[in-house]
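Chemist: A structural model of the following input is requested.
(4 chains)
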Number of protein chains: 2
Amino acid sequence: MAYPRAMRDEVDRLIEAWRRERPDLDVAPMEVLSRVTRLARHLDRARSHAFETHGLESWEFDVLAALRRAGKPYQLSPGRLLKETLVTSGTMTNRVDRLTARGLVERLPDPADRRGVLVQLTDAGRDSVDAAMADLLAHERTLLGSISERDQAKIARVLRELVGPFDQENH
Amino acid sequence: MAYPRAMRDEVDRLIEAWRRERPDLDVAPMEVLSRVTRLARHLDRARSHAFETHGLESWEFDVLAALRRAGKPYQLSPGRLLKETLVTSGTMTNRVDRLTARGLVERLPDPADRRGVLVQLTDAGRDSVDAAMADLLAHERTLLGSISERDQAKIARVLRELVGPFDQENH
DNA sequence: CCGAGATGTCTTGACGTCGAGATACTTTAC
DNA sequence: GTAAAGTATCTCGACGTCAAGACATCTCGG
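Modeler: Predicted coordinates:
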C-alpha cells in the first residue's frame, strides 16, 4: 500500500492520520468512500467553472437539464422538477422565479389541472443548456482521459452496485 | 451494456434520456462521474443519519474530526481548520462559536502569536467524535460489504488517479 | 353529488454559508 | 527602528435553502 510521494493524495494523508490516532479502528472503507466524497466535491467545482462560460449557475443547469431531458415540448411540473433535482418545493418556486426573470423558462397553466403549473424551456434556455452540456462532457472526457475504457466500465459497474441500495430505498 | 431491469439505476435512466435527446453527444463520461456525484450525495445523507445518533451535525463532525486527527493536544488554529474543512473564515468563526456554546471545543489564545487563536477539543468533544467515527465506519463497512477487497483496492486506485490533478492544483 | 382527505404550488421565517471589509498583530526590507 | 506589506481572525449584509404551513383544486368513497 506504499505509494511514491507524488502519487499520494489527500485521502492517503487523512487515513494515515486516523490510523495514527485510532489504531483500533478499521479505516479501510475510507479508501473508497472518502475518495468518492472528495472527488464529487472537486467535480462540483469543475462543473461550476464549466458553466460560468455559458453564464449559468449549477442550480440553473440542473433545472434546465431536467427540462431538456424530458424532450419536446420541454415541459415539467414543479413537482416533477423537485423530484428530479432533489430540492424542496420552496426552493423550486424560487428557482423557477429567477429562471423566468432571466428568460430561460416560462410558467404555463396546466390545462389538465388548475392547481398545476408547467415550467417550459424557452428557446434561449434550450440553447444555454445544450451548449453547457456539450462543454461539461468535453471537460469530463478530459478528466477521464487517463483511465482505460475497461477500467471505466469496471468502476461504473461497482459504483452502480454501491448506489443500488440507496436508489431503491426511496421508492 | 444492457442490464436487467432490477440492476439499472437512476444514472442509467439519466444517460438513456440524454442519448435519446442528444444522440450527437458522447455521454460516456457520465457512466462514471454522474455515479460518483450521486453516490456522494447518498453518502452525505447516510453520514448525517449516522451522526444523528450521537447528537452531531455533519459540519460539527467535520470540525471535531479535524481536531481529533491532529492528535494531542487536539488544537488547531481557525485558519488551519478552514483549510481542512474547505469553508470560509466567516463560516468557521460561526462554527467555532456554536461548538463552544455546546461545550465541544474551547478557544484559547495562541501563546506564539497574539493575533491568533487555538481551537481545542474538550473531553466531551473528543468522546463525541470518537463515538461518531466508529459508528460511521461501521456503516460504511456494511455499505461496501458486497464489493470484494480486490475490487475495492482497484476502485481506490482509479479514484486516486482521478482526484490527483485536483489536489495538486491548489498548492 | 357531497364532503373528507390527498395533492400541487406558493409563502414565510429561520438558518448556515459566503465574501468583502475591518481590525489587530507580525514580518520584511531598508 | 520604522514603514509597508502580509497574515489571522472576526464582523456584517446578502443570498439560497429548508421546513412548515396556507390555499386552491382534485379524487374518491358513500
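Chemist: going forward, measure contacts and count neighbours with C-alpha atoms only.
Modeler: Noted.
Chemist: hey, where'd the strands end up in chain A?
Modeler: With strands called from DSSP state E, chain A shows them at A:75-76, A:105-109, A:117-121.
Chemist: So which of those strands is nearest residue B:78?
Modeler: Comparing the strands of chain A by their distance to residue B:78 (C-alpha to C-alpha), the top pick is strand A:105-109, with 42.9 Å.
Chemist: So, low pLDDT: which residues of chain A?
Modeler: Scanning chain A for pLDDT under 70 picks out the ranges A:1-6, A:167-171.
Chemist: Go again with 90.
Modeler: Scanning chain A for pLDDT under 90 picks out A:1-11, A:38-55, A:72, A:86, A:143, A:146, A:161-171.
Chemist: Adding mean neighbour count and distance to DNA strand D, write the strands of chain A out as JSON lines.
Modeler: Converted to JSON lines, these look like this (neighbours: other C-alpha atoms under 10 Å in any protein chain shown; distance: least, C-alpha to the nearest atom of the strand, whole Å):
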{"stretch": "strand A:75-76", "mean neighbour count": "22", "distance to DNA strand D": "17"}
{"stretch": "strand A:105-109", "mean neighbour count": "17", "distance to DNA strand D": "11"}
{"stretch": "strand A:117-121", "mean neighbour count": "22", "distance to DNA strand D": "11"}
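Chemist: Of those, which is nearest residue A:65?
Modeler: Across these, the minimum distance to residue A:65, taken as C-alpha to C-alpha, is reached by strand A:117-121, at 9.6 Å.
Chemist: gap between that closest one and the chain center?
Modeler: From the chain centre to the centre of strand A:117-121 is a distance of 22 Å (C-alpha atoms, centre = their mean, to the nearest Å).
Chemist: Longest helix of chain A, counting residues only.
Modeler: Taking DSSP state H as the assignment, the helix of chain A that covers the most residues is helix A:29-52.
Chemist: For that helix, give me every contacting residue.
Modeler: Contact partners of helix A:29-52, identified using C-alpha atoms under 8 Å, 6 or more residues apart in numbering or on different chains, comprise A:11-12, A:15, A:57-58, A:61, A:132, A:135-136, A:139, B:36-37, B:39-40, B:43, B:137, B:140-141, B:144, B:152-153, B:155-156, B:159-160, B:162-163, B:166.
Chemist: Could I have the buried ones of those as ChimeraX selection syntax?
Modeler: Here is the ChimeraX command that selects the buried residues among those (16 or more other C-alpha atoms under 10 Å in any protein chain shown):
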select /A:11,12,15,58,61,132,135,136,139 /B:36,37,39,40,43,137,140,141,144,152,153,155,156,159,160,162,163,166
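Chemist: rewinding a little: show me what counts as buried in the longest helix of chain A.
Modeler: Within helix A:29-52, the residues that count as buried by 16+ other C-alpha under 10 Å are A:29-40, A:42-43, A:46-48, A:50-51.
Chemist: Same check on stretch A:89-100?
Modeler: Buried residues in stretch A:89-100, counting neighbours by 16+ other C-alpha under 10 Å, are found at A:92, A:95-96, A:99-100.
Chemist: Name the nearest of those relative to DNA strand D.
Modeler: Set against DNA strand D, the nearest of these by C-alpha to the nearest atom of the strand is residue A:95 (5.7 Å).
Chemist: now the closest one, nearest residue through space, not along the chain?
Modeler: Among residues not flanking residue A:95 along the chain, residue A:60 sits closest, at 7.6 Å (C-alpha to C-alpha, 6 or more residues apart in numbering or on different chains).
Chemist: Check residue A:164 too.
Modeler: Closest to residue A:164 by C-alpha to C-alpha, 6+ apart is residue B:9, at 6.4 Å.
Chemist: Likewise for residue A:104?
Modeler: residue A:125 (4.0 Å).
Chemist: Tell me where chain A has helices.
Modeler: Assignment of helices within chain A using DSSP H yields the ranges A:10-21, A:29-52, A:58-70, A:78-85, A:89-101, A:123-143, A:149-169.
Chemist: Strand A:105-109 and the fourth one, what's the angle between them?
Modeler: Helix A:78-85 and strand A:105-109 are oriented at 140 degrees to each other (axes from the mean of the first three to the mean of the last three C-alpha atoms, to 10 degrees).
Chemist: can helix A:78-85 be found next to DNA strand D?
Modeler: No: Helix A:78-85 lies apart from DNA strand D when judged by C-alpha under 7 Å from any atom of the strand; the minimum separation is 8.6 Å.
Chemist: does any bit of that helix sit next to DNA strand C?
Modeler: Yes: residues of helix A:78-85 contacting DNA strand C under C-alpha under 7 Å from any atom of the strand: A:78-80.
Chemist: any idea how far stretch A:138-158 is from the chain center?
Modeler: Computed by C-alpha atoms, centre = their mean, the chain-centroid distance of stretch A:138-158 equals 17 Å.
Chemist: Please list the outside residues in contact with that stretch.
Modeler: For stretch A:138-158, contacts defined as C-alpha under 8 Å, 6+ apart pick out A:50, B:29, B:31-33, B:35, B:147, B:151, B:155, B:158, B:162.
Chemist: Using TSV, please lay out the residues you listed together with distance to DNA strand D.
Modeler: Output for the contacts of stretch A:138-158, formatted as TSV (distance: C-alpha to the nearest atom of the strand, whole Å):
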residue	distance to DNA strand D
A:50	17
B:29	24
B:31	24
B:32	24
B:33	21
B:35	19
B:147	30
B:151	33
B:155	29
B:158	30
B:162	27
